[in-house]
Every structure is written in C-alpha cells, then in structure tokens.
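# sequence first, predicted model second:
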Amino acid sequence: MQYRDYYAILGVARDASEEQIKQAYRKLARKYHPDVSKESGAEEKFKEVAEAYQTLKDPQKRAAYDQLGTHRAGEDFRPSPDWQKQWEWQGDDSGFAEQIDLSDLFAHLGAAGARGGAQRPMRGRDFEVAVPITIEEAYEGTQIDLDLNMPEYDERGRLRRVPQAFRARIPKGATQGQRLRLPGKGGRGFNGGSNGDLYLDISLRPHALYRPSGHDLYLDLPLAPWEAVLGTTAEVPTPGGRVRLKVPSGTAAGQQLRLPRRGLPKPQGGSGDLYAIVQIVVPAVTDERERALYQQLAEASTFDPRVQLAQESGHAH
Amino acid sequence: MRIELNEVLWVEEQILSFDELAESSGLPPRLLAELVQGGGIQPLPDQAGSRYGASALAAARHARQLQEDFELDASALLLVLGLCDRVAELEASLRELQARLPRWSRAG
C-alpha cells in the first residue's frame, strides 16, 4: 500500500500536540470543505485532510500510525508482522498490498472502530458518484460505465478496496442536479443487513450552444439589424434537430422566442421549452455601398432610440 | 470482469420510514429525531409525518457528513444545514439567471 504522510498533509510536526492538530485541521477544513470551497480538487484535498485528522486526533490510531515508521509519501510499504500483531491487524498475504488502503489499517482502532463486536445486522454504506453528461446524452438517454473502488469489509471484518465495474442506463430526462439510485449497488451489508445503494449525481457539461435551466434550454439567436426590423425565418439548432423559427418583424434584442417542447425531456413525460434569445449583431466591416444605404436610412428615419433617456434626465434636474 | 447493465431509479420516487432514514444516512436515531424536530429534515407533507423522501435523505446524509467532519451538535447542524440550503437555492437561481443572459453580455 502507499504511504501517506498525515503530518505533512496537515502541515504539523510529528510531535504536534492534539490542540495543534485540531487547529491545523480547522484551518484546512475551512479552506477545502466541499460546502465552503467550489475550487476544483478541493473535495479531494479535503478527503485527504479529513483522513489524516481522523487518524491523528485519536491517540490510539495515532500511536499505531507512528509505529509504521516514516516513509516517503507515495512509497510502497507494508506493516511489519510485529505491527500487525500489536495492533491486532489480521493481515494475510493474498493481494495485501494492492487491496488495502493506508486508512483501512486504523479503521478497527479507537473510538470509531466499534464495528468489531457488533453482531446485529448492519446495512452497507451508500456511495455517491458524480456523473457529468452532455446535453445530447440527457436528451437521448445514455449508458455510462463506472469503475469504482469500493471499500468493503470481508468476513473477518477487514476493510479492503474492491474494484467494481457498473454499466448504468441513464434514462432521458436526467438534468443538472438530478440524482439517480442504483439500489443495492453500494457497500455490502453485514450480518444479514441489506446492501447500500449507489447514487449517481448528474451534472450537465457546459455546451457550446445551449444553456440549461431545469429542463428548459436557452440559446443565443444572432440577427442582423434588418432581420430584426423586417422579420425573417431563421434555422435554429435544437437537440432534436434543426427547426425553422419565425422571427416577427420588429423583434428587439434580448427578446425570448419560445420553441415549445424543444428542450430536454422530463422524466414524467413532456418536455421543457427551448428559448432563443435575440441578439442584434452588426457587421464588423461594411463596404461603401452598405454605408451609403445606412446613411440613407439614418436620414430617412425619425426613430429616436433614446427618448427615455432624454425624459429621465429632464426629471433629474 | 463481468459487467451487468443496471437500471437506475429516480431518487424522487424513494420513500423511507424514520428507521430506514436513520439506517441509510448513518445518523444516530436520537440525533436524527432532533434534526426532524428542529425542521432541518422534513417528512413528506402528505404522509402523516412518518415518511421521508429523497430530499430528507440527502439532508440526513449531509448532516452525517458534517457531524463526522466537525463533530457538530444538533443546533449547529440545524444552522449549517439551513445555510447550505440557502446557498443551494441562491446558486440555482443564479444558474437560471445566467442561462437567460445572452452569452456575449456575460463577463467571462
């Protein structure tokens, strides 16, 4: 198994007091706890910090950890037979190094390791896994493959990591924040307890065109000034294929044109809507003829786009 | 390794008893009862107060995690759960508003 330096993770000396360890943990938790930080990698970092703290805050676990000796972080090692005997670790040689995680060595020790004596049925743990999918996958439904390393107790009460592969069908209608459940696919139960569940937390990957809000989708629809004034028919992409959208004459920038039921399907049936948000875009380069036409338009038009500004400033003074 | 195809279930359709909620979340029943009493975990409205749905389970699991991470008591858990709910609501409405904003007018 790989050695992790719990003291270095918490940034404390090996002879740090309980109080120093607690303070270091609080500081790091404040920075990396997933409820506080949305930084990428923060959750992983917090798990590391929490694991270090869970071991070092408990005098018995800390003593057991200290007696493993010092190794380089990431170094492959295994506890000596003496260590295993002293800390009642029932190790065996079959695949020991690969299947055991450092934290598993201390799970049966200290106040939290009460599992040992309990004979009553215990339900297996639930696990959660983040599943990012694309908007197209949410629209069509999809299949995903998950490779998970699940902690599991064997019949002798030892904790091991067991690789598990799942293929799950994600039904259409799953959207941002949706949770799906795979019953019985979590941790194994003990003493006749039922297995835990595996939860899939769905998130939608950012898309070049669509922005989801629930089951509705938003899309920018760029129009030329004359299209907005005169009206037009624009071809608009939707997850179900391209559709023709009638843009009425006199359409203003920011206006939302609704395409009913062209959004994401809903699990109970029906679909969200797709909204095309009008953008009025101007050409970066205009040739002489175009400029002349605009000039003519400017002279012919009596339209004052800033009537309201003129009135507002009149009130202010 | 054999891979089987698993059908997933919508979490919204899950209904749990108090005991199942305690077991699934890993919260000690006494602490769970305190959180229910304090309104941090709410039973389904139309089930005579004894059945719990997906959001109660999510809140209970969150509470278990917080308790494990920070050794919080019921009052502190109720406060943190309340604040996290507020943050989640604000984030959801922010996401909705951002979806409605034209891409070109948004900073970043």
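Nice, thanks for sending it over. Owing to the predicted nature of the structure, the values given are computational and were not obtained by experimental measurement.
# from now on I want contacts and neighbour counts done on CA atoms only, so please keep to that.
Noted.
# what about the longest helix seen in chain B, near chain A?
Taking DSSP state H as the criterion, chain B has its longest helix at helix B:74-100. Yes. Using CA under 8 Å from any CA of the partner chain, we find that helix B:74-100 touches chain A at B:84, B:95-96, B:99-100.
# among these, which one has the most neighbours?
Highest neighbour count within these, by other CA atoms under 10 Å in any protein chain shown: B:Arg100, with 21 neighbours.
# secondary structure class for the residue nearest to that residue when sequence neighbours are not counted?
Distance criterion CA to CA, 6 or more residues apart in numbering or on different chains; nearest residue to B:Arg100, sequence neighbours excluded, is A:Tyr218 at 6.3 Å. Secondary structure, DSSP: H, G, I helix; E, B strand; the rest coil: A:Tyr218 is strand.
# is A:Tyr218 in a bridge, and if so with what?
A:Arg211, A:Tyr275 (DSSP bridges).
# OK, contacts around it?
Contact partners of A:Tyr218, counting by CA atoms under 8 Å, 6 or more residues apart in numbering or on different chains, are A:210-212, A:274-277, B:99-100.
# tell me the one of the residues you listed nearest A:Arg30?
B:Ala99 (30.3 Å; CA to CA).
# check contacts around the closest residue to that closest one other than its chain neighbours.
Nearest residue to B:Ala99, sequence neighbours excluded (CA to CA, 6+ apart): A:Arg211, at 5.1 Å. Shown in contact with A:Arg211 (CA under 8 Å, 6+ apart): A:217-219, B:99-100.
# and A:Val36, by the same measure?
A:Arg30.
# can you give me the strands in the stretch 101-250 of chain A?
Taking DSSP state E, counting those that start in this stretch to define them, one finds strands in the stretch 101-250 of chain A at A:127-133, A:142-153, A:159-170, A:179-182, A:198-204, A:211-213, A:216-223, A:232-236, A:243-247.
# save the ones you listed as JSON lines, and put in mean pLDDT too.
Below are these laid out as JSON lines (pLDDT from 0 to 100):
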{"stretch": "strand A:127-133", "mean pLDDT": "90"}
{"stretch": "strand A:142-153", "mean pLDDT": "83"}
{"stretch": "strand A:159-170", "mean pLDDT": "83"}
{"stretch": "strand A:179-182", "mean pLDDT": "88"}
{"stretch": "strand A:198-204", "mean pLDDT": "91"}
{"stretch": "strand A:211-213", "mean pLDDT": "94"}
{"stretch": "strand A:216-223", "mean pLDDT": "96"}
{"stretch": "strand A:232-236", "mean pLDDT": "97"}
{"stretch": "strand A:243-247", "mean pLDDT": "96"}
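# identify, out of those, the most deeply packed stretch.
strand A:211-213 (a mean of 25; mean count of other CA atoms under 10 Å in any protein chain shown).
# and that strand, how far from the chain's centre?
Taking CA atoms, centre = their mean, to the nearest Å, one finds the center of strand A:211-213 at 16 Å from the center of the full chain.
# point out where chain B drops to low pLDDT.
Applying pLDDT under 70 to chain B flags the ranges B:1-4, B:47, B:49, B:104-108.
# can you list contacts of stretch B:42-60?
Counting by CA under 8 Å, 6+ apart, B:11-18, B:21-22, B:24-25, B:27, B:32, B:36, B:40-41, B:81 sit against stretch B:42-60.
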